[in-house]
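K.L.:
Sequence and computational prediction follow.
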Amino acid sequence: MGSKEHVVRKNRTLIHAGTIIDYYQDEMELPNGNTEIWDFVQHRKGAACIVPMTDDGKVLLVRQFRPALERYTWEIPAGQKDSVGEDPLVCAKRELREETGYDSNQIEKLLSLQSTVAFCNEAIEVYLAKDIYPVGEQQLDDAEAIDYKLWDIEEVLAWIDSGKMEDGKTIAGILAALRRI
C-alpha cells in the first residue's frame, strides 16, 4: 500500500429522489490522486426482518414478486421502518403479523447487517421469533400480494446450499437463527 490510503468524496450529486431510496453520483478522489464517479444509493429509513420458527423447527417464509429479479422469491418477513427513529423490533413484529398473521412472545435480536455495502447504505436489523403462533389474517398493504408457508428447515438449508435461495437477509437470518437455537 502507498502512503496515502484515503478515498475522499469531493462532490455528491442527487440524480433521482425515489420513494424509498435516493440515487446519487459521487465524485471520488482515489489514493493515487485520480478521480472517479461512483454510484451511491441512500436508503432513507432502514429496515427490519424476522426469522419466524415454530417450536418443532419449521420456518415460516413469505413468497412475493421482486421486480429486480422479475420473479417470485421465498424470504423471511421484512419491511422498511416507518420512520428513521422507529424501533426496528417494532418494525419486525409488525411485518411478521402483517405479512403472515403470526406472532411470537419470544423475539430476540440476531444481528445487524448492511445489505449491499458496495453502493448502498441500507441497514437491516434481523430478529428471531421462536414458537410462533397464528393470531389472525394477513394485514397486507394494497400494493402487497404475499403468500406464506411453513417449511422444514432442512429443505430451506438445501435451497441455501444449492443456490436456489439468493436473498441475503434471509440466508444470513436463517443461518444466524440456527446457530442461536
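P.N.:
Okay, I see it.

K.L.:
When you work out contacts or count neighbours from here on, use the C-alpha atoms and nothing else.
P.N.:
OK.

K.L.:
buried residues in the helix or strand hosting R97?
P.N.:
Element membership of R97 [criterion: DSSP states H and E] is helix 88-100. By neighbour count, and taking 16 or more other Cα atoms under 10 Å as the criterion, the buried residues in helix 88-100 are 88-89, 91-100.

K.L.:
ok now it, how far from the chain's centre?
P.N.:
13 Å (Cα atoms, centre = their mean, to the nearest Å).

K.L.:
tell me the mean pLDDT over that helix?
P.N.:
For helix 88-100, mean pLDDT rounds to 95.

K.L.:
which other helices and strands contact the helix or strand just after that helix?
P.N.:
Following helix 88-100 in sequence order, the next helix or strand is strand 102-103 (DSSP H and E). With contacts defined as 3 or more Cα pairs under 8 Å, 6 or more residues apart in numbering; DSSP states H and E, the packing partners of strand 102-103 are helix 88-100, strand 133-134.

K.L.:
Those into a markdown table, with extra columns for distance to Q64?
P.N.:
As requested, these are exported to a markdown table (distance: least, Cα to Cα, whole Å):
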| stretch | distance to Q64 |
| --- | --- |
| helix 88-100 | 10 |
| strand 133-134 | 20 |
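
K.L.:
what's the closest of the ones you listed to S115?
P.N.:
Proximity of the helices and strands packed on strand 102-103 to S115 was assessed by Cα to Cα; the nearest stretch is helix 88-100, lying at 15.3 Å.

K.L.:
Could you list the low-confidence segments of this protein?
P.N.:
Residues of the chain meeting the criterion pLDDT under 70: 1-4.

K.L.:
Going by residue numbers, what spans are strands in it?
P.N.:
Assigned strands in the chain, in chain order: 8-17, 21-29, 35-43, 47-52, 58-66, 71-75, 78-80, 102-103, 106-114, 123-130, 133-134, 147-152 (criterion: DSSP state E).

K.L.:
can you put those strands in TSV and add distance to S162 and mean neighbour count?
P.N.:
As requested, the strands of the chain are exported to TSV (distance: least, Cα to Cα, whole Å; neighbours: other Cα atoms under 10 Å):
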stretch	distance to S162	mean neighbour count
strand 8-17	37	12
strand 21-29	31	18
strand 35-43	30	16
strand 47-52	20	28
strand 58-66	18	19
strand 71-75	14	17
strand 78-80	23	22
strand 102-103	29	22
strand 106-114	23	16
strand 123-130	23	24
strand 133-134	30	14
strand 147-152	16	14
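
K.L.:
that older thread, give me the helices and strands touching the helix holding R97, please.
P.N.:
Packed against helix 88-100, as judged by 3+ Cα pairs under 8 Å, 6+ apart, are the following elements: strand 47-52, strand 78-80, strand 102-103, strand 123-130, strand 147-152.

K.L.:
Good, we can wrap up now.
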